[in-house]
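Let's see this in three dimensions:
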Amino acid sequence: MRTRRLGDVEVSAIGLGGMPMSIEGRPDEERSVATIHAALDAGITFIDTADAYHLRANDVGHNETLIARALASYGGDTSRVLVATKGGHLRPGDGSWTVNGSPEYLKQACDASLKRLGVDAIGLYQFHRPDPRVPYADSIGAIRDLLDAGKIRFAGISNATVSQIRDANGILAGRLASVQNQFSPAFRSSESELDFCAQREITFLPWSPLGGIAKAGALGSRFAAFAEVGREHGVSAQQVCLAWELAKAPVVIPIPGASRPETIRDSAAAVELALSPEELARLDAA
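The predicted structure is shown next:
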């Protein structure tokens, strides 16, 4: 497994997104644990989750708890695994998503995530989504306080604009470690944020890098160039997609979601796929 830098540590160049294992359509726990173990076997040392990855109101933090159990039951060394979680996005249990960016709530959410993950400090804690009712500076101020208190090792933001990235990094005194925005062949409007992060050596984490849970399997039929390049290399269109994203900048670490061991193994292999400038141009134009 190749690595890339996040903060002052090296993590796998491909991460594992935990969301599909805990929301609608989630598999049984045995398969989910097998998926996480397969990711670890493949050399993945970066796992992304959130307290909002659950189904019901009494199920908050399901994915965090699941990941903690899977790490505890893994037979190998997990000391280098960095688990990233998020706070500020909520699921009331009726299928909807809401936000709460108040400093008080974010600090409470962080404490709850610490307990579920069973750690003294969260590897990477990210403000999940801006709350229009709360000044952005106030929300990021809470993340700064958590960082200063040692409850989190690295600070990140998600679903952010270039202006918000700049503001957050200022409030954090240059300690913004990562930005997690949606980016895929179907969603390229975050390319300006990706470029901004690359210029400042801030890790960029594309969420739904394959187009989302419901559409990832059809990536090759929706974007023919990815399937064509995949056939030329004897790999999946999904592998091509992740390799294309890795080639965007050295700061990019895609976090494909998975709920089956075979899919995360396929994703992890993308680090070995070298695409030519001509192939990258074809994919950019797709």
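
who's in contact with stretch 273-286?
By Cβ atoms under 8 Å, 6 or more residues apart in numbering, the residues outside stretch 273-286 that reach it are 185, 223-226, 228-229, 233, 235, 239-240, 242-244, 247. No exception for glycine: its C-beta is placed from N, CA and C like everyone else's.

rerun at 7 Å
Contacting residues not belonging to stretch 273-286 are listed as 185, 223, 225, 226, 229, 233, 235, 239, 240, 243, 244, 247 [Cβ atoms under 7 Å, 6 or more residues apart in numbering].

Next, the third one: secondary structure please.
Using DSSP: H, G, I helix; E, B strand; the rest coil as the criterion, the local structure at residue 225 reads helix.

just use 53 as the starting number from now, easier for me
I'll keep to 53 as the first residue from here, and by that count the last item is residue 277.

Once you drop chain neighbours, what's closest to it?
Once flanking residues are discounted, residue 277 sits nearest to residue 338: 3.8 Å by Cβ to Cβ, 6 or more residues apart in numbering.

what's around the one you found, how many residues?
Each residue near residue 338 was counted by other Cβ atoms under 10 Å, and the total is 15.

same deal with residue 175?
Residue 175, neighbours per other Cβ under 10 Å, totals 21.

That one touches residue 138, doesn't it?
No. The pair residue 175 / residue 138 is not scored as a contact, 12.0 Å apart, by Cβ atoms under 7 Å.

mind showing which ranges of the chain have poor pLDDT?
In the predicted model of the chain, no residue satisfies pLDDT under 70.

Tell me where it has strands.
If DSSP state E is used as the criterion, the strands of the chain fall at 55-58, 61-64, 68-69, 98-100, 134-139, 141-142, 150-151, 174-179, 204-210, 228-234, 255-259.

Please state the offset of the fifth one from the chain centre?
Okay, so that is strand 134-139. Strand 134-139 has its C-alpha centroid displaced from the chain centroid by 8 Å (Cα atoms, centre = their mean, to the nearest Å).

Neighbouring strands - and their directions - for it?
Its sheet considered, strand 134-139 pairs with strand 98-100 (parallel), strand 174-179 (parallel) by DSSP bridges.

deepest of the ones you listed, which one?
When you average the neighbours per residue for each of the strands paired with strand 134-139 (mean count of other Cβ atoms under 10 Å), strand 98-100 leads with a mean of 28.

Just give me how far it sits from the chain centre.
Using Cα atoms, centre = their mean, the mean C-alpha position of strand 98-100 is found 6 Å from that of the whole chain.
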